[in-house]
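> Just need the structure, nothing else, for what follows:
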Amino acid sequence: MDVPELTTGSAAPSYRVSVDEYISFRKNGFLVVSGLLSSQEVDEFRQHTEDLMQGRLREQTRQMGERELGADAGVTVQGLEAPPAHLSPEEKAQYFLRIHMLHHKLELHERYLLHPRVLDVLEVIIGPDVLALQSMLFLKPPGKPGQGWHQDSYYIPTHPDTLCGAWAAIDDVDELNGALWVAKGSNVEPVYPPRDGYGFGDTRIHDIGSVTGISDPIDDNNDLTRIASKYDQILVSVKAGDVVFFGGHILHRSKKNFTTDRMRRSFVGHYCNARSFTQWGDDPDVPGSRQNPLYETTGIANGSHILARGDTHLPFAQPLFGTPCAALISPEERRNQSKAASALMADMDSGMMDVRPADPAVDHDHGDNV
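Just a heads-up that it's a prediction; the model follows:
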């Protein structure tokens, strides 16, 4: 369904997903859409990351302490602090690997999390109702580690299970500077639960095994390595501006940035169908996130996340910086845009959607009795 009033944040036309792209996503578990972001948008994000790594953003009001950079792991998470001021530009960049949820702090990150052309694709593959859950900025300077095999739904469970990531390349990405790898077709796998500690999985499957070492880049330490080995492991080399969409079950990883002079920057959003319930990402700092009466009894976290497209019966958050999205339109408008699902039934006097029971004694192809 076209929603023109929600595409005002981009001058580019809406993106129309093809049948082949739809089949590719369902069959392989991922989809690469080339050039979804414009060259001007890529330039804007590159300049933003340069300013961030050099501590030039006005929001970087605090400074990091000195630390041992060799101890950074593939899942290192940081805040929005500036690097130590006395370092060289190259040394400052080494203080960064990835930062989560900056759409709660920076307008630019909210705008790209709710990018109209990204949402156009998501409307087709998980929509039409889309909830924006998470933003991540990966900076990955030369020498920084990758992240081992993992499934995103292991970290972010949704019910029904509709999680989808959108990985936007800010730099050209290849094997040397740490491109994504995917186990093609592994989207058919269940989500393997943790043996202990944090993580989620399909524990109702009676013979499923528990796993350890998830996201560990050392394959021998990561139990998902043996699962990934059943599938073709595909290097996803992409150009700046390309966006990779991947479902929550597909096994994927990245490797070290082996170069000495190339960054591997990417912006990643995670989304689910807005009708899915989640307890992930509860944020008390988001206005109204804990005001829903269901919060106390269910721990529902939907109220911390932004309704990007469509409608929902569940709570949702507003964009803090006013980026155009479904959360900002009236309930009546959202309902009107969501009537397609009920229109067919409502238009039929019979209430049967014009479907009739088949008589086994009639040849329905020729109208003759058998």
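
> Low-confidence bits of the stretch 251-370 of the chain, can you list those?
Scanning the stretch 251-370 of the chain for pLDDT under 70 picks out the ranges 340-360, 363-370.

> at 80 instead, please
338-370 (pLDDT under 80).

> Thought residue 282 was touching residue 298, still the case?
No. The pair residue 298 / residue 282 is not scored as a contact, 11.0 Å apart, by C-beta atoms under 8 Å. The way it works is simple: take the backbone N, C-alpha and C, and place the C-beta from them, glycine included.

> Between those two, which is the more surrounded one?
residue 282 (17 against 12; other C-beta atoms under 10 Å).

> Which residues are in contact with the more buried one?
289-290, 299, 301, 304 (C-beta atoms under 8 Å, 6 or more residues apart in numbering).

> Residue 38 reaches residue 12, doesn't it?
Yes. Residue 38 is within contact range of residue 12, at 6.1 Å (criterion: C-beta under 8 Å).

> Would you map the strands across the stretch 201-350 of the chain?
233-236, 243-247, 252-254, 266-273, 306-309 (DSSP state E, counting those that start in this stretch).

> what touches both of residue 298 and residue 282?
Joint contacts of residue 298 and residue 282 (C-beta under 8 Å, 6+ apart) do not exist.

> helices or strands up against the helix or strand where residue 44 lies?
For residue 44, the host element (DSSP states H and E) is helix 39-53. When contacts are defined as 3 or more C-beta pairs under 8 Å, 6 or more residues apart in numbering; DSSP states H and E, helix 39-53 sits against helix 107-113.

> Using PDB, write out every CA atom in the helix it packs on.
Listed next in PDB are the C-alpha coordinates belonging to helix 107-113 (Å, rounded to 0.1, in the frame of the first residue of the first chain):
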ATOM      1  CA  GLU A 107      18.200  13.400  14.800                       C
ATOM      2  CA  LEU A 108      20.200  11.900  12.000                       C
ATOM      3  CA  HIS A 109      20.000   8.400  13.400                       C
ATOM      4  CA  GLU A 110      16.300   8.600  13.900                       C
ATOM      5  CA  ARG A 111      15.900   9.900  10.400                       C
ATOM      6  CA  TYR A 112      17.900   6.900   8.900                       C
ATOM      7  CA  LEU A 113      16.200   4.400  11.200                       C
END
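
> The helix or strand following that helix: which residues count as buried?
Downstream of helix 107-113, the next assigned helix or strand under DSSP H and E is helix 116-125. Using 16 or more other C-beta atoms under 10 Å as the test for burial, helix 116-125 gives 116-125.

> Show me what helix 116-125 is packed against.
So helix 116-125, by 3+ C-beta pairs under 8 Å, 6+ apart, packs with helix 19-28, strand 30-33, strand 130-138, strand 164-169, strand 243-247, strand 306-309.

> swap the cut-off to 6 Å and go again
strand 306-309 (3 or more C-beta pairs under 6 Å, 6 or more residues apart in numbering; DSSP states H and E).

> how far does the strand it packs on sit from the chain's center?
13 Å (C-alpha atoms, centre = their mean, to the nearest Å).
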